[in-house]
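Chemist: Build me a model:
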Amino acid sequence: MEYKKLRITFDYPDKDRFYRVLLVKPNISLVDLGCVILTSLRSDFSHCFYFKDKDKNYNPKVFMEDFVRSNDLLMNDYTLEDLHQKFDFFYDTGDGWQFNCEKGKGTVEYEPNLEQGENEDAILIEGKGIGIYEDDISALYAYLDGKLKPDNLKEKPSIGAYIPHNIEIGQWGDFDKYDLEDAKHEFNAKVDFDRETYKQNDNEDCWDDKGDYPFGNDQDEASLKNSNVEFHNSINTLLDLMIKENEDVQETFNKLKKTFKKTKALDIMAKALVVELYECGKRGISFDMDDYLIIIDTFTMECNQ
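Modeler: Numbers count the residues shown, from 1 in each chain. Presented below is the predicted three-dimensional model:
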């Protein structure tokens with residue numbers, strides 16, 4: 001069978017501390033590929049994932065429910081072949097797990113050993129680093145940076161380093177004790193189950209990426225009202241600053257005032273600002289002025305209809 005060799009490396013200066021090498025079918029769907037990668041990293045699939053290359057973002061369904069950017073695509077409709085040779089894989093936008101991926105040139109001939117449980121879609125062939133620390137990327141950074149002693153398992157709340165809940169370790173140094181043969185057995189046993197479970201859930205369990213109401217459910221009416229007023233004032237203050245300091249935003253505001261009243265123009269721009277900030281937070285990306293201006297144009301057209 002023909003496979004693509006794929007190296008998935010944790011985005012960290014020392015590229016040999018945490019990585020995986022897989023053989024995957026060239027036409028594997030991006031949904032299947034993301035699941036395969038997460039299984040190899042020992043994730044518990046409690047968050048969403050997406051892919052990004054230099055041109056496009058390949059997103060899960062939940063990311064496509066709100067405002068969609070011009071370079072956003074639904075990952076379900078694409079395969080590994082659609083990605084550039086180098087691309088990035090992101091998991092849990094709150095914690096910010098990023099892996100740099102690179103496809104090998106050409107294809108590799110390999111016959112999976114089905115009797116030993118190897119999966120025809122993906123074969124784990126190499127790796128280092130025991131796996132993802134769910135909801136605790138700070139602990140991994142602290143260990144890799146030498147801030148946690150390898151021979152103990154003492155937590156350091158001051159730097160956000162807590163014992164991982166999805167992987168059992170006896171000391172911090174166990175992260176580097178990656179046993180490839182044991183990892184292969186675990187990967188082969190779990191890869192199909194993980195993938196089917198993810199598809200059945202259809203991203204519905206990605207609660208953190210959808211976002212809960214920021215002020216909780218146990219606030220009284222007065223507290224909620226005060227919080228909303230503070231939020232509204234903060235957005236207006238930020239928008240006022242942007243209009244004063246950014247020529248493109250200022251020009252857009254002046255154009256809108258010719259079509260709408262000043263208050264309406266500000267409302268459109270404030271609404272667009274909230275959407276852009278929400279998208280940035282949800283996806284763990286930087287504020288994009290071009291996207292913000294596009295959102296303003298979209299809301300303007302809706303108001304003119």
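Chemist: For the top strand by length along the chain, which strands pair with it and how are they oriented?
Modeler: Under DSSP state E, the strand in the chain containing the largest number of residues is strand 2-10. Partner strands and pairing direction for strand 2-10 (DSSP bridges) are strand 19-24 (antiparallel), strand 97-103 (antiparallel), strand 108-109 (antiparallel).
Chemist: per-residue pLDDT, Asn76?
Modeler: pLDDT recorded at Asn76 is 93.
Chemist: my guess is it meets Lys61, correct?
Modeler: Yes: here Asn76 reaches Lys61: they are 7.1 Å apart, a contact under C-beta atoms under 8 Å. C-beta: built from backbone N, CA, C; applies to glycine.
Chemist: joint contacts of those two?
Modeler: With contacts defined as C-beta atoms under 8 Å, 6 or more residues apart in numbering, no residue is shared by Asn76 and Lys61.
Chemist: which ones are touching the residue nearest to Phe18 when sequence neighbours are not counted?
Modeler: Nearest-residue entry for Phe18: Gly129, 3.1 Å, with adjacent residues in sequence omitted and distances by C-beta to C-beta, 6 or more residues apart in numbering. Neighbouring residues of Gly129 by C-beta under 8 Å, 6+ apart: Phe10, Arg17, Phe18, Tyr19, Phe175, Asp176, Tyr178.
Chemist: Distance of Gly129 relative to Gln171?
Modeler: Distance, Gly129 to Gln171, by C-beta to C-beta, to the nearest Å: 15 Å.
Chemist: same check, this time on Tyr50
Modeler: 33 Å.
Chemist: Name the residue in these two with the higher neighbour count.
Modeler: Between Tyr50 and Gln171, Tyr50 has the larger neighbour count (other C-beta atoms under 10 Å), namely 23 against 14.
Chemist: contacting residues for that one?
Modeler: Per C-beta under 8 Å, 6+ apart, neighbours of Tyr50: Gly34, Asn57, Tyr58, Asn59, Pro60, Phe63, Met75, Phe89, Phe90, Arg283.
Chemist: for the helix or strand containing Glu251, packing partners?
Modeler: Element membership of Glu251, judged by DSSP states H and E, is helix 247-259. Using 3 or more C-beta pairs under 8 Å, 6 or more residues apart in numbering; DSSP states H and E, the elements in contact with helix 247-259 are helix 221-245, helix 262-283, helix 289-304.
Chemist: Please tell me how far it is from the chain's geometric centre.
Modeler: 34 Å (C-alpha atoms, centre = their mean, to the nearest Å).
Chemist: got the contact list for that helix?
Modeler: 242-244, 264-266, 268-269, 289, 293, 296, 300, 304.
Chemist: Just the buried ones out of the residues you listed, please.
Modeler: Neighbour-count burial (16 or more other C-beta atoms under 10 Å) applied to the contacts of helix 247-259 gives Met242, Ile243, Ala265, Leu266, Ile268, Met269, Leu293, Ile296, Thr300.
Chemist: Including distance to Asp95 and pLDDT, could those residues go into a markdown table?
Modeler: Below are these laid out as a markdown table (distance: C-beta to C-beta, whole Å; pLDDT from 0 to 100):
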| residue | distance to Asp95 | pLDDT |
| --- | --- | --- |
| Met242 | 29 | 91 |
| Ile243 | 34 | 89 |
| Ala265 | 38 | 89 |
| Leu266 | 35 | 89 |
| Ile268 | 34 | 90 |
| Met269 | 32 | 92 |
| Leu293 | 30 | 90 |
| Ile296 | 31 | 90 |
| Thr300 | 36 | 88 |
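Chemist: Make TSV out of these and add distance to Ile28.
Modeler: Output for those, formatted as TSV (distance: C-beta to C-beta, whole Å):
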residue	distance to Ile28
Met242	43
Ile243	47
Ala265	48
Leu266	48
Ile268	43
Met269	42
Leu293	37
Ile296	39
Thr300	41
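Chemist: ok, those vs Ser29, which is closest?
Modeler: Of all those, Leu293 has the smallest distance to Ser29: 33.5 Å, by C-beta to C-beta.
Chemist: That closest one and Thr300: what is the separation?
Modeler: 10 Å.
Chemist: and what of Asp136?
Modeler: Distance, Asp136 to Thr300, using C-beta to C-beta: 43 Å.
Chemist: can you pull the buried residues of stretch 19-30?
Modeler: Neighbour-count burial for stretch 19-30 [16+ other C-beta under 10 Å]: Tyr19, Arg20, Val21, Leu22, Leu23, Val24, Lys25, Ile28, Ser29, Leu30.
Chemist: contacting residues around the fourth one?
Modeler: Yep, that's Leu22 we're talking about. Applying C-beta under 8 Å, 6+ apart to Leu22 gives the contacts Lys5, Leu6, Ile8, Val36, Ile37, Ser40, Ala122, Ile123, Leu124, Ile125.
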